[in-house]
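J.: Can you look at this prediction? I've put the sequence above it.
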Amino acid sequence: MVTPKLPFIPNIERLSERVIRVLGCNSRPITLQGTNTYLVGTGERRILIDTGDPETPNYIKNLQKTLHDFQIGIQEIILTHWHCDHTGGTVDVCREVTKSDSTRVSKFKRPPGQPDVDFGSIPCHYVEDHHIFNTEGATLRTVFTPGHTDDHICLLLEEEKALFSGDNIFEETTTVFEDLHTYMQSLKKMNDLNPSIIYPAHGSVISKPSEKIQYFINHRLQREKQILDVLEKNPNTSFTALEIVKSVYGELLPEIEIAAAGNVNHHLTKLLKDNKIETETKDNEPVWRLKSSKSKI
């Protein structure tokens, strides 16, 4: 994961007849310019996709300004996944913008045993894969695309074949994920939709979706090869994930370095399952090395 020089994104921008982007005003290395939230539809009441971070007054002001300038309101809220920079502003939006705890909030449910988002008195409605959301001028279909998180969904705007990709894919940088195997499957699923355009949750609009998705697939395969190359060049040495990050990525900001180490760990877990590498614990930390035919591990 790299941090490029980022292009300017305005706080409020109409992207198509049916899509208005409102920037979350929560820029930091891991969120790029901030969380992109989207108002979708053509009627007086629109669907809001994602709500940014909690306690972000500038976002609330921009959202209120957008609703006032376009003379529209919020019909309901859809959340792409549980991360705080996508769900954290939900209570603020309901209390300060729609002024109603009965505003419908929907997301995909996390697996049993995993804590889900709690909005207090605001109920959360859980939807399934292929659920249809309707508003005037727009039909949104949920596409279950786990990997970044276990509850991640994309949303296909059927009238424009536009895909709201959440955190699965960005224009300017790569992303993090919880499970590499399911993430790769989700990228293929997204590509099979053949979207005309992608509206990501961070960064610029992706105007060449198939090319970008294939780049992400190739990037993950290349990253796996780079990790293996480090281990193959040092067959008798064990590495921590962070040491591999420094060999493969070079110098990174600390916050990005931690995210990169998480991705490397997922690659290492996959390579371990593929029986290409082995691991043990050293100084209370897992270390990894190339699989040896003589090893007893």
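T.: Arrived safely, thanks for sending.
J.: all contacts plus neighbour counts: C-alpha atoms, from now on.
T.: Fine.
J.: Helices of the stretch 101-250 of the chain, start to end?
T.: In order along the chain, the stretch 101-250 of the chain carries the following helices (DSSP state H, counting those that start in this stretch): 180-192, 209-233, 241-249.
J.: Tabulate those helices in CSV, adding columns for distance to Pro146, mean pLDDT and mean neighbour count.
T.: What follows is the helices of the stretch 101-250 of the chain, written out as CSV (distance: least, C-alpha to C-alpha, whole Å; pLDDT from 0 to 100; neighbours: other C-alpha atoms under 10 Å):
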stretch, distance to Pro146, mean pLDDT, mean neighbour count
helix 180-192, 6, 94, 18
helix 209-233, 15, 95, 16
helix 241-249, 23, 93, 17
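J.: Who are the contact partners of Leu268?
T.: Ile277, Trp288 (C-alpha atoms under 8 Å, 6 or more residues apart in numbering).
J.: Redo the helices of the stretch 101-250 of the chain as a markdown table? Include distance to Phe144.
T.: Below are those laid out as a markdown table (distance: least, C-alpha to C-alpha, whole Å):
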| stretch | distance to Phe144 |
| --- | --- |
| helix 180-192 | 8 |
| helix 209-233 | 16 |
| helix 241-249 | 30 |
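J.: For Glu160, find the nearest of the ones you listed.
T.: For the helices of the stretch 101-250 of the chain, proximity to Glu160 was assessed by C-alpha to C-alpha; helix 209-233 is nearest, at 13.4 Å.
J.: and Glu178, how many neighbours?
T.: As a burial measure, Glu178 scores 16 neighbours (other C-alpha atoms under 10 Å).
J.: Please verify my assumption that it contacts His266.
T.: Yes. Using C-alpha atoms under 8 Å, Glu178 is in contact with His266, at 7.2 Å.
J.: Now do the same contact list for Ala201.
T.: Thr35, Asn36, Thr37, Phe164, Ser165, Gly166, Asp167, Phe170.
J.: Against Thr279, how distant is Leu271?
T.: According to C-alpha to C-alpha, to the nearest Å, Leu271 and Thr279 sit 11 Å apart.
J.: Then Leu15?
T.: Noted for Leu15: a distance of 48 Å to Thr279, by C-alpha to C-alpha.
J.: okay, these two: which has more neighbours?
T.: Neighbour count, other C-alpha under 10 Å: between Leu15 and Thr279, Thr279 has more, with 18 against 12.
J.: For that one, grab phi and psi.
T.: When read as degrees, to the nearest 10, the backbone of Thr279 gives phi -140, psi 160.
J.: between the lowest-mean-pLDDT helix or strand in the chain and helix 180-192, how many degrees?
T.: Every helix and strand in the chain was compared by mean pLDDT, DSSP states H and E; the lowest is helix 254-273, with a mean of 89. With axes from the mean of the first three to the mean of the last three C-alpha atoms, to 10 degrees defining the directions, helix 254-273 sits at 100 degrees from helix 180-192.
J.: Buried residues in helix 254-273, which are they?
T.: 256-257, 259-272 (16 or more other C-alpha atoms under 10 Å).
J.: now the strands: where do they sit in this protein?
T.: With DSSP state E as the criterion, the chain has strands at 12-14, 19-23, 36-40, 45-49, 73-78, 104-108, 124-127, 132-135, 138-144, 153-157, 162-166, 197-200, 277-282, 285-290.
J.: Turn these into JSON lines, including mean pLDDT and distance to Asn218.
T.: Formatted as JSON lines, these follow (pLDDT from 0 to 100; distance: least, C-alpha to C-alpha, whole Å):
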{"stretch": "strand 12-14", "mean pLDDT": "98", "distance to Asn218": "32"}
{"stretch": "strand 19-23", "mean pLDDT": "98", "distance to Asn218": "29"}
{"stretch": "strand 36-40", "mean pLDDT": "99", "distance to Asn218": "26"}
{"stretch": "strand 45-49", "mean pLDDT": "98", "distance to Asn218": "29"}
{"stretch": "strand 73-78", "mean pLDDT": "98", "distance to Asn218": "30"}
{"stretch": "strand 104-108", "mean pLDDT": "98", "distance to Asn218": "28"}
{"stretch": "strand 124-127", "mean pLDDT": "98", "distance to Asn218": "31"}
{"stretch": "strand 132-135", "mean pLDDT": "98", "distance to Asn218": "32"}
{"stretch": "strand 138-144", "mean pLDDT": "98", "distance to Asn218": "22"}
{"stretch": "strand 153-157", "mean pLDDT": "98", "distance to Asn218": "21"}
{"stretch": "strand 162-166", "mean pLDDT": "98", "distance to Asn218": "18"}
{"stretch": "strand 197-200", "mean pLDDT": "98", "distance to Asn218": "18"}
{"stretch": "strand 277-282", "mean pLDDT": "94", "distance to Asn218": "21"}
{"stretch": "strand 285-290", "mean pLDDT": "94", "distance to Asn218": "23"}
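J.: Thank you, goodbye.
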